[in-house]
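**Student:** Provided below for reference: sequence and predicted model.
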Amino acid sequence: MKKTKAILSVLIFLSLLMSTGLFAAQEEKIEKTFDKKDEVRFKLVLGDCQLEKSSDGRIHVHLVYSYGPKMNYVPKLEERGDTLYLEEKIREKNPRGYSRWTVAIPDETEIDFSSASGNLFIEDLDLKIDGYTGTGEIDLKKVRGKFDLISGTGRVKVSDSEGNFEVRSGTGRVIIENCRGNFDASSGTSDVRAEGLTIEYEGDFDSGTGDVEVAFPDGTDFELTLDSGTNDAVLDMKGRSIEGYFELECQAKRGRIISPVKFDDEEEYGDDDQKYFRKSFTKGNGTPKVYIRTGTGKAKLIK
């Protein structure tokens, strides 16, 4: 009986130790510096990644992670010619823990990024990047360059930036604020919103089932398209004079067209099962060209 009580006491003691974190995974760190590379390639699993500007023209990698010993977490930092490979592997099917990569790089470094579920943050850099995350968020701030970025389910936000932006989310919101350049922004099922923009040549804003709301941008001879499959596509002039070519379109039976300006031309097209209304007007010299489209929502121009 005494032996049983002693064993029970030990088990309770061990349980308390584990609950207080004594046997929990310890945080590990890796810090390495590399000479400037033409390209950095990321292949992450759970890891979040923050890219920032290097102060000395070299690449500085700071990795912090904490996974249990059974997770078999293996980070990899490897140089191959003019490319730096930063990777992580986790052999456990249901891993628990975290990893955070902070990488300082010189401007004009080319980035190839992928993560199964990690977030991506980029600030104050001039670069070219192709990237994908399955469930993480993407946040760009004060960046310049060319960006082709996709999140499967996370939010994508771009602010105070300049360049060519192709940004997409499968089910998350896409937000663009105070930016200059060319834009291709889309969400499969959520809202797309943009304001404070200057468009150089082209801006496309699209959602399958969410609202698309854009404040009329600065610029001159550009083409602007708003398109929502089932919800509203709304262009807000914010009190500016309406100048250019404007074309609004919706399904004839289920959509609506709303405009403060009378149309010069109206037409109906399509077959009996899927007819559309298309209405247009021109003010001034016909530029910029603006297209506002919806399937079953409202195509709306606000003065």
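**Tutor:** Yep, that arrived. None of the values given here were measured: they were computed from a predicted structure.
**Student:** bridged to the nearest residue to Gly203 once chain neighbours are set aside, which residues?
**Tutor:** Ranked by Cβ to Cβ, 6 or more residues apart in numbering and with sequence neighbours excluded, the top spatial neighbour of Gly203 is Phe183, at 4.4 Å. Any C-beta I mention is one placed from the backbone N, CA and C, and that applies to glycine too. Residues found in beta-bridge contact with Phe183 (criterion: DSSP bridges) are Phe165, Gly203.
**Student:** can you check the one 4 residues further on too?
**Tutor:** Following DSSP bridges, Ser187 is listed with bridge partners Ser169, Ser207.
**Student:** same question, the one 5 residues further on
**Tutor:** Under the criterion DSSP bridges, Val192 forms beta bridges with Val174, Val212.
**Student:** look up how far Gly244 lies from it.
**Tutor:** Computed as Cβ to Cβ, to the nearest Å, the Val192 to Gly244 distance reads 21 Å.
**Student:** higher neighbour count, the two?
**Tutor:** Counted by other Cβ atoms under 10 Å, Val192 and Gly244 do not tie: Val192 has more neighbours, with 28 against 21.
**Student:** ok, the more buried one - contacts?
**Tutor:** For Val192, the contacting residues are Arg173, Val174, Ile175, Ala185, Ser186, Phe205, Asp206, Ser207, Gly210, Asp211, Val212, Glu213, taking Cβ atoms under 8 Å, 6 or more residues apart in numbering as the criterion.
**Student:** buried subset of those residues as a PyMOL selection?
**Tutor:** Selecting only the buried members of the contacts of Val192 in PyMOL, with burial defined as 16 or more other Cβ atoms under 10 Å, works like this:
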select buried, resi 173+174+175+185+186+205+206+207+210+211+212+213
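**Student:** the closest residue in space to Asp236 that isn't next to it in sequence and Ala233, how far apart?
**Tutor:** Residue nearest to Asp236 in three dimensions, not counting chain neighbours: Ile302, with 4.5 Å by Cβ to Cβ, 6+ apart. Computed as Cβ to Cβ, the Ile302 to Ala233 distance reads 11 Å.
**Student:** and the two? which has more neighbours close in?
**Tutor:** When Ile302 is set against Ala233 and neighbours are counted by other Cβ under 10 Å, the residue ahead is Ala233, at 31 against 15.
**Student:** now the more buried one. Nearest residue, chain neighbours left out?
**Tutor:** Leu226 (4.2 Å).
**Student:** list the contacts of the one you found.
**Tutor:** Remark: with contacts taken as Cβ under 8 Å, 6+ apart, Leu226 is in contact with Phe205, Asp206, Val212, Val214, Ala233, Val234, Leu235, Tyr291, Ile292, Arg293.
**Student:** mind putting those residues into JSON lines with pLDDT?
**Tutor:** JSON lines is the format used below for these (pLDDT from 0 to 100):
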{"residue": "Phe205", "pLDDT": "98"}
{"residue": "Asp206", "pLDDT": "98"}
{"residue": "Val212", "pLDDT": "98"}
{"residue": "Val214", "pLDDT": "98"}
{"residue": "Ala233", "pLDDT": "98"}
{"residue": "Val234", "pLDDT": "98"}
{"residue": "Leu235", "pLDDT": "98"}
{"residue": "Tyr291", "pLDDT": "98"}
{"residue": "Ile292", "pLDDT": "98"}
{"residue": "Arg293", "pLDDT": "98"}
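**Student:** closest to Arg41 among the residues you listed?
**Tutor:** Using Cβ to Cβ, Asp206 is the member of the contacts of Leu226 that sits closest to Arg41, with 29.4 Å.
**Student:** next up, the contacts around the closest residue to that closest one other than its chain neighbours.
**Tutor:** Spatial nearest neighbour of Asp206, chain neighbours left out: Ser186 (4.2 Å); criterion: Cβ to Cβ, 6+ apart. Contact analysis of Ser186 by Cβ under 8 Å, 6+ apart lists Val167, Arg168, Ser169, Val174, Val192, Asp204, Phe205, Asp206, Ser207.
**Student:** please apply the same query to Gly118.
**Tutor:** If a contact means Cβ under 8 Å, 6+ apart, then Gly118 has Leu44, Val45, Leu46, Gly47, Asp48, Cys49, Ser99, Thr133, Gly136 as its contacts.
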